[in-house]
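Visitor: got a predicted structure plus its sequence, pasted below:
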Amino acid sequence: MIPPLPHASTADAQRPSHRWKVLAVGVAANAAFSAAAAGLPTTAVFMRSGYRLDNDQLGLALGLLGLGVALFELPWGLLTDRWGDRPVLLTGLGATAAALAWMSGFASPTANGVPALWLLALGLVLVGILGGSVNGASGRAVMAWFDEGERGLAMSIRQTAVPLGGGLGALLLPWLAAHAGFGAVFGALSVMCGLAAALAAVWLREPERVRAAPARIARTAQADSSATTASAREAASPLRDGRVWRAAVAIGIMCCPQFAVLTFATVFLHDFSHAGIGTLTMVMVAVQLGAMVARIASGRWTDRRGDRRGFLRRCAWLSCLLFAALGATAWGVEGAPAGPGAVLAAASLLAAAGICASAWHGVAYTELATLAGAPRAGTALGMANSCVYLGLFLTPLAIPHVVAASSWPATWVIAGLCMLAALPLLPKSMPKSMPGTLGTTGRAMPGTRGSTSPGTP
């Protein structure tokens, strides 16, 4: 386990204001990894030509990073609950930076030749395996430092790092790919991960109340038999909780439409609408920036009004309608898809659908972590992210086959139907007045105290 830095003061780390530094670390870590996970797909057109891939090979390459995350996200979450946030983040971010640096030097096309597809595949899987460490660790840290009335906003701000990193990637990576090659693309991503690791080394600490939670649970269980059941439930692994599994799978399914936009929106606009690089970049940046605003607004709204579960259901329905409208529009303009009006309509609906499909993340992760309890939040978030990144692997693999077998309009309609498929798995809304309703009553999560209490962070 990596020890605290010698100059770090325990008193400083327990100040109420320190939780905002922890949140900043979570944002930086997720943004750095998301610049790769969500930014690399924006270079799809250049990757296809630079590595001499067909659409099936391109879909495989874009999905492999997600496969790496899916395979090791849960182990990272379990390690986070056992070791703590700091050692997991430092190890993961440092190793990810090293893997990206290796790709820059040995898995990038040069004037002397194009690397084999297996080298690109190996590098992307490795980046996914190592970079997946940021998801559970940073989420667990935020849940530990913020109280129930602030967690929706805090987790939503943390989740804005995903579109923030994707937006930075959409602005920077296509330009680098076009003008400097993929060696510069992977090199820039390596620097981002290294800077995030440095920030984590300086600021990231666990509050004392989280480290003491297991001992407190054990003492409560021994002292009062009536508390034994509650303490055992709190200490039980989310891996044995059907509610957590259903919510995690629902989150994974709801992410598939978002991944359809992130991985193949540029290919759709390029191949179907014959749009130029300016249009591709503007649409992807609009999706990422809009998702940032939507996530913060949704977190703030649900903190004030409660009913995170109802919000998730409404977001799923709206996303389904937007993707259906996108499919209908694409079908309607197939005769002249490159006309200015057709391109504007397709690009606008694509951006709107992508934003709506990304707006709910912070709310969903807050609800999931609340179901699991703070001491086990790392495991629960690992479960969800395993499902999420399995979707990131399968979605770009499936899209070329769906397009070849039917059409682009059908692809977007199917993406919308995925949102409806998740509805039966989402936790059902409950009246706010019902005692014990998680995520709607404003009660604190088990094992944590409010960060606004005197003397607590």
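Guide: Here it is on my side, so go on.
Visitor: nearest residue to the residue sitting nearest the centre point of the chain in space, please, no chain neighbours.
Guide: Nearest to the mean C-alpha position of the chain, counting by C-alpha atoms, centre = their mean, stands V162 at 5.6 Å. Nearest residue to V162 in three dimensions, chain neighbours excluded: S34, at 4.5 Å (C-beta to C-beta, 6 or more residues apart in numbering). C-beta coordinates here come from the backbone N, C-alpha and C atoms, glycine included.
Visitor: helix/strand/coil for that neighbour?
Guide: Secondary structure, DSSP: H, G, I helix; E, B strand; the rest coil: S34 is helix.
Visitor: now swap in the one 10 residues further on and tell me
Guide: Secondary structure assignment for A44 (three-state DSSP): helix.
Visitor: right, and it touches V267 too?
Guide: Yes: between A44 and V267 a contact is recorded at 5.4 Å, counting by C-beta atoms under 8 Å.
Visitor: joint contacts of these two?
Guide: With contacts defined as C-beta atoms under 8 Å, 6 or more residues apart in numbering, the residues shared by A44 and V267 are L58.
Visitor: who has more neighbours out of the two?
Guide: A44 (26 against 23; other C-beta atoms under 10 Å).
Visitor: which ones are touching the residue nearest to V162?
Guide: With C-beta under 8 Å, 6+ apart, S34 has these contacts: 161-166, 169.
Visitor: now tabulate those in a markdown table and tack on distance to R246 and secondary structure.
Guide: Formatted as a markdown table, the contacts of S34 follow (distance: C-beta to C-beta, whole Å; DSSP: H, G, I helix; E, B strand; the rest coil):
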| residue | distance to R246 | secondary structure |
| --- | --- | --- |
| A161 | 26 | helix |
| V162 | 23 | helix |
| P163 | 26 | helix |
| L164 | 29 | helix |
| G165 | 28 | helix |
| G166 | 27 | helix |
| G169 | 32 | helix |
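Visitor: let me know the closest of those to S319.
Guide: P163 (15.2 Å; C-beta to C-beta).
Visitor: isn't that closest one up against A286?
Guide: No: between P163 and A286 no contact is recorded; they are 10.3 Å apart, counting by C-beta under 8 Å.
Visitor: so which of these two has more stuff around it?
Guide: P163 (30 against 19).
Visitor: now do the contacts for the closest residue to F46 other than its chain neighbours.
Guide: Leaving aside its sequence neighbours, F46 sits nearest to A177 (C-beta to C-beta, 6+ apart; 4.0 Å). Listed by C-beta under 8 Å, 6+ apart, the contact set of A177 reads 43, 46-47, 50, 184-185.
Visitor: so which two of those residues are the farthest from each other?
Guide: M47 and A184 (13.6 Å).
Visitor: which pLDDT value goes with A177?
Guide: pLDDT for A177: 94.
Visitor: tell me the helix or strand right after the helix or strand hosting it.
Guide: Here A177, judged by DSSP states H and E, is contained in helix 161-179. Using DSSP H and E, the helix or strand that follows helix 161-179 in sequence is helix 182-203.
Visitor: list the buried ones in that next one?
Guide: By neighbour count with 16 or more other C-beta atoms under 10 Å, helix 182-203 contains the buried residues 182-190, 192-194, 196-197, 199-201, 203.
Visitor: so where's the stretch 151-300 of the chain uncertain?
Guide: 208-236 (pLDDT under 70).
Visitor: ok, 50 please
Guide: Low-confidence segments of the stretch 151-300 of the chain (pLDDT under 50): 213-234.
Visitor: picking up where we left off before, among the contacts of S34, which one lies nearest to L120?
Guide: Nearest to L120, judged by C-beta to C-beta, of these is G169 at 17.2 Å.
Visitor: count the residues that sit near that closest one.
Guide: G169, neighbours per other C-beta under 10 Å, totals 30.
Visitor: A144 versus that one, what's the distance?
Guide: Distance, G169 to A144, using C-beta to C-beta, to the nearest Å: 29 Å.
Visitor: over to T379?
Guide: Using C-beta to C-beta, T379 is found at 14 Å from A144.
Visitor: isn't A200 right up against R86?
Guide: Yes: between A200 and R86 a contact is recorded at 6.8 Å, counting by C-beta under 8 Å.
Visitor: hey, where'd the helices end up in the stretch 301-450 of the chain?
Guide: For the stretch 301-450 of the chain, the helices defined by DSSP state H, counting those that start in this stretch cover 308-332, 340-356, 361-372, 377-405, 408-422.
Visitor: TSV for the ones you listed, including distance to N30 and mean neighbour count?
Guide: TSV is the format used below for the helices of the stretch 301-450 of the chain (distance: least, C-beta to C-beta, whole Å; neighbours: other C-beta atoms under 10 Å):
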stretch	distance to N30	mean neighbour count
helix 308-332	20	20
helix 340-356	18	20
helix 361-372	11	28
helix 377-405	11	24
helix 408-422	22	21
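Visitor: of these, which approaches P207 most closely?
Guide: helix 377-405 (13.1 Å).
Visitor: elements contacting that closest one?
Guide: Judged by 3 or more C-beta pairs under 8 Å, 6 or more residues apart in numbering; DSSP states H and E, helix 377-405 is in contact with helix 55-83, helix 133-145, helix 242-271, helix 361-372, helix 408-422.
Visitor: could I get the last one in CSV with only the CA atoms?
Guide: Extracted in CSV, the C-alpha atoms of helix 408-422 (Å, rounded to 0.1, in the frame of the first residue of the first chain):
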residue,chain,number,x,y,z
TRP,A,408,-28.3,3.4,-40.1
PRO,A,409,-31.9,4.4,-39.3
ALA,A,410,-32.5,0.9,-37.8
THR,A,411,-29.3,1.2,-35.8
TRP,A,412,-30.5,4.3,-34.0
VAL,A,413,-33.9,2.9,-33.4
ILE,A,414,-32.4,-0.2,-31.8
ALA,A,415,-30.2,2.1,-29.6
GLY,A,416,-33.4,3.8,-28.3
LEU,A,417,-35.0,0.4,-27.5
CYS,A,418,-32.0,-0.4,-25.3
MET,A,419,-33.2,2.4,-22.9
LEU,A,420,-36.6,0.8,-22.7
ALA,A,421,-35.0,-2.6,-22.0
ALA,A,422,-33.3,-1.3,-18.9
